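1. Next come a sequence and a model predicted from it.
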Amino acid sequence: MFQTSTIVSLVEGLYDGNVAYRDVMRHGDFGVGTFNALDGEMVALDGRYFHLRSDGTVNRVSGDELTPFAAVTNFRPNIDHTEDGRLTRQQCEAVLHRLAPSDNLFYAVRIDGRFPTVLTRTITRQSKPYPRLADAAAAEPTVTISDVVGTIVGFHTPDYAQGIGVAGYHLHFLSDDHLSGGHVFDFTVDRPRIRIDSEAELHLSLQATEEFLATRFETDVSGGIASAETSGPSAPA
């Protein structure tokens with residue numbers, strides 16, 4: 001698993017892109033991330049990188065686009081499992097917990113199926129001076145995508161690595177028609193196919209920018225991450 005920068009850097013408002021996506025793409029065909037100035041969400045699936053914006057548009061990512069945070073891997077699942085019936089996010093996480101070799105590993109997760117509902121958010125491009133992530137997220141409504149076939153892409157981060165990633169699951173969604181998606185808060189899915197790629201290694205690339213070097217990071221970042229990860233007001237689908 002290759003990751004550029006950390007979640008705690010986003011929590012502190014360090015949104016300037018300093019890595020080109022062409023360099024990120026060399027490290028994986030599957031993953032999540034964002035863009036310069038926090039301009040939307042990135043989903044990488046089957047070797048194709050997509051840029052999801054808050055206006056609902058989805059475009060292919062150019063190698064010239066910059067990112068302040070991305071996590072990718074070459075997805076080669078060693079666990080492939082299908083569940084019967086309809087599952088909630090909480091139930092899917094329970095299945096993942098049962099299937100995965102340990103909660104102490106980083107691992108990549110892919111969930112395919114028909115989703116009756118997916119609660120998402122895609123943050124609008126920010127302007128300087130950048131707000132902290134919790135404040136930027138609070139200003140964005142959530143959107144419920146209904147009755148769609150698609151894929152959830154994401155990673156599990158162990159609790160001890162909170163701040164490097166999001167402890168637990170950091171998930172993004174992309175519909176099969178590539179017309180909708182976003183950062184995932186909650187979902188229901190029918191008969192999901194769940195695949196896991198257990199990762200033994202994390203390659204963390206820190207960009208020693210002036211802002212990064214000068215920032216005093218909080219020692220307990222759980223509150224700031226939780227605020228950004230909690231859904232806000234709803235908007236029509």
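-> Yep, it's here. What you see is a predicted model; the values in this text were computed from it and never measured. Residues are numbered from 1 along each chain as shown.
2. what's downstream of the strand ranked longest in the chain, the next helix or strand?
-> Taking DSSP state E as the criterion, the chain has its longest strand at strand 181-199. Using DSSP states H and E, the helix or strand that follows strand 181-199 in sequence is strand 203-205.
3. Partner strands of that following strand, with direction?
-> With DSSP bridges as the test, strand 203-205 is paired with strand 2-4 (parallel).
4. Show me the contact partners of the partner strand.
-> Strand 2-4 is contacted from outside by 19, 24, 27-28, 33, 67, 69-73, 164-165, 202-205, 207, using Cβ atoms under 8 Å, 6 or more residues apart in numbering. Backbone N, C-alpha and C define where each C-beta goes, glycine included.
5. Just the ones of those residues in strands?
-> Short answer: the contacts of strand 2-4 in strands (DSSP E) are Val19, Gly33, Thr67, Ala70, Ala71, Val72, Thr73, His203, Leu204, Ser205.
6. these two touch, right, Asp159 and Val166?
-> No - the pair Asp159 / Val166 is not scored as a contact, 10.7 Å apart, by Cβ atoms under 8 Å.
7. More neighbours: these two, which one.
-> Neighbour count, other Cβ atoms under 10 Å: between Asp159 and Val166, Val166 has more, with 22 against 10.
8. Touching, the more buried one and Thr157? I think so.
-> Yes - if you go by Cβ under 8 Å, Val166 and Thr157 touch, sitting 5.8 Å apart.
9. quick one, helices of this structure?
-> Ranges of helices in the chain, per DSSP state H, are 7-11, 21-25, 89-99, 133-138, 210-214, 222-229.
10. sorry, back to before: right, and out of the ones in strands among the contacts of strand 2-4, which lies closest to Arg195?
-> Distance to Arg195, by Cβ to Cβ, is smallest for Thr73 among the ones in strands among the contacts of strand 2-4, at 12.3 Å.
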